[in-house]
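Q: Predicted model follows, preceded by the sequence.
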Amino acid sequence: MGKWKKKRELFMISLVIVFLLLLGSLDMTSPQARLDIPGANLDISNAVSMTLIKKIALQKSKETWGPGALGNPIPLSNLDGDVVVYMFSYRIGKQQFPAYDEILQGIKEGRELRNLINNSEMEEAKTKYMRMDHGKAENPRTVIISNSQIPLRPPMNPVRPDGSPSRRNEVKEIRKFASEKAIGANEYGTILVSATYDLFPVLAYFHSLAPYYINFDLALERAKQAIGQGASLGSIYFLGLAGQYFEFVNNSSSIVFDSKTLGATTVEALKTRMSQGQPQMNSTLLQERKEKIRAEIAREWEKIKSEIGGQ
């Protein structure tokens, strides 16, 4: 009996070892969040080198937001599909730009907190708010809520007998923080650098994440519902003051969303809108205006090249 007992113990040990080996061979990590890279035609005339584009993006980001880390260039195209702008988001105060999973986690935390406030679930909102990261470590901030001191945001005007802020100020403070968190404000900046010498070198700054990071996951879900589960990001259209638009495609189907409001439209509708917005003026005056703008653009490129030392 002792021999059989020993064999049985050895057999059980062997089974455990095999199980552990099989377990170790499995990928137990959670799936990464999906972030499609938009396409664009890069074979354009009068193109700026990517080396210079990246130098401009990094230097101007540092000047605007201080030390940090630059994200990858995101190509934005015109309605014909040609790249016109490269968009870079910038992580303020960090040495490395984070993976999308980390970015999306922060965005979702802001959204969830905002939803709690909108649904009047203030106690849960305050609890969640108190557990979240509220800014830079070198600037510790506190606020008194319900007679207890908790590391939070800057002190608010106390109006209650116990010195704690009013409910109205609590809601205002948490709502502001949630709105900022949902777009990466105070944590990220975004810069748009022209892909060609036909436009000014730096077209815009956002003191937040790019719409590409903020709303891609929401736009993707809407695209799947509209044109099928195989939907993927085809292009991001840059229309200047008219905004940015995501185009999702699935075989022969496509749908376009405003990158901020996520309202649906079409490329044809955008082309009509842009053509209607063109200024009507005398051809001679229009040509003179174009020549003046070209001269200003050329001066700006020479200026930024001399500042950065690039070609």
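A: Arrived safely.
Q: Next, count neighbours for Leu79.
A: Look at Leu79: counted by other Cβ atoms under 10 Å, it has 17 neighbours. Every C-beta, even on glycine, is put in place using the N, C-alpha and C of the backbone.
Q: so it touches Val267, yeah?
A: Yes. Shown here, Leu79 and Val267 form a contact pair, counting by Cβ atoms under 8 Å, at 6.0 Å.
Q: quick one: pLDDT of Asn41?
A: Looking at Asn41, its pLDDT reads 96.
Q: shared neighbours, Leu79 and Val267?
A: In terms of Cβ atoms under 8 Å, 6 or more residues apart in numbering, Leu79 and Val267 are both contacted by the residues Tyr237.
Q: Make sure Gly106 is indeed in a strand.
A: No. Counting by DSSP: H, G, I helix; E, B strand; the rest coil, Gly106 is not part of a strand but helix.
Q: quick one: pLDDT of it?
A: Note on Gly106: pLDDT of 95.
Q: Tell me, how many residues neighbour it?
A: Gly106 is flanked by 20 other residues according to other Cβ under 10 Å.
Q: Direction included, what does the helix or strand Val193 falls within pair up with?
A: Remark: Val193 resides in strand 188-194, with elements defined by DSSP states H and E. Looking at strand 188-194 with DSSP bridges, its paired strands and their directions are strand 83-92 (antiparallel), strand 202-206 (antiparallel).
Q: where do the strands sit along the protein?
A: 68-70, 74-77, 83-92, 142-145, 148-151, 188-194, 202-206, 232-238, 244-250, 253-258, 264-265 (DSSP state E).
Q: Columns mean pLDDT on top of those strands, output as JSON lines?
A: As requested, the strands of the chain are arranged in JSON lines below (pLDDT from 0 to 100):
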{"stretch": "strand 68-70", "mean pLDDT": "98"}
{"stretch": "strand 74-77", "mean pLDDT": "98"}
{"stretch": "strand 83-92", "mean pLDDT": "98"}
{"stretch": "strand 142-145", "mean pLDDT": "28"}
{"stretch": "strand 148-151", "mean pLDDT": "35"}
{"stretch": "strand 188-194", "mean pLDDT": "97"}
{"stretch": "strand 202-206", "mean pLDDT": "95"}
{"stretch": "strand 232-238", "mean pLDDT": "97"}
{"stretch": "strand 244-250", "mean pLDDT": "97"}
{"stretch": "strand 253-258", "mean pLDDT": "96"}
{"stretch": "strand 264-265", "mean pLDDT": "96"}
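Q: Would you reformat those as CSV and include mean neighbour count and distance to Glu109?
A: Below are those laid out as CSV (neighbours: other Cβ atoms under 10 Å; distance: least, Cβ to Cβ, whole Å):
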stretch, mean neighbour count, distance to Glu109
strand 68-70, 18, 21
strand 74-77, 22, 23
strand 83-92, 24, 16
strand 142-145, 17, 18
strand 148-151, 11, 16
strand 188-194, 25, 14
strand 202-206, 16, 20
strand 232-238, 22, 24
strand 244-250, 22, 23
strand 253-258, 19, 23
strand 264-265, 14, 27
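Q: Can I get these in JSON lines including distance to Asn119?
A: Output for the strands of the chain, formatted as JSON lines (distance: least, Cβ to Cβ, whole Å):
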{"stretch": "strand 68-70", "distance to Asn119": "35"}
{"stretch": "strand 74-77", "distance to Asn119": "34"}
{"stretch": "strand 83-92", "distance to Asn119": "30"}
{"stretch": "strand 142-145", "distance to Asn119": "19"}
{"stretch": "strand 148-151", "distance to Asn119": "22"}
{"stretch": "strand 188-194", "distance to Asn119": "27"}
{"stretch": "strand 202-206", "distance to Asn119": "28"}
{"stretch": "strand 232-238", "distance to Asn119": "31"}
{"stretch": "strand 244-250", "distance to Asn119": "28"}
{"stretch": "strand 253-258", "distance to Asn119": "25"}
{"stretch": "strand 264-265", "distance to Asn119": "26"}
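Q: out of those strands, nearest to Glu173?
A: Of all the strands of the chain, strand 142-145 sits nearest to Glu173, with 7.4 Å by Cβ to Cβ.
Q: Quick check: chain neighbours aside, which residue is closest to Ser235?
A: Leaving aside its sequence neighbours, Ser235 sits nearest to Glu247 (Cβ to Cβ, 6 or more residues apart in numbering; 4.7 Å).
Q: I meant Phe216, not that one.
A: With Cβ to Cβ, 6+ apart, the residue lying closest to Phe216 is Leu35, at 6.0 Å.
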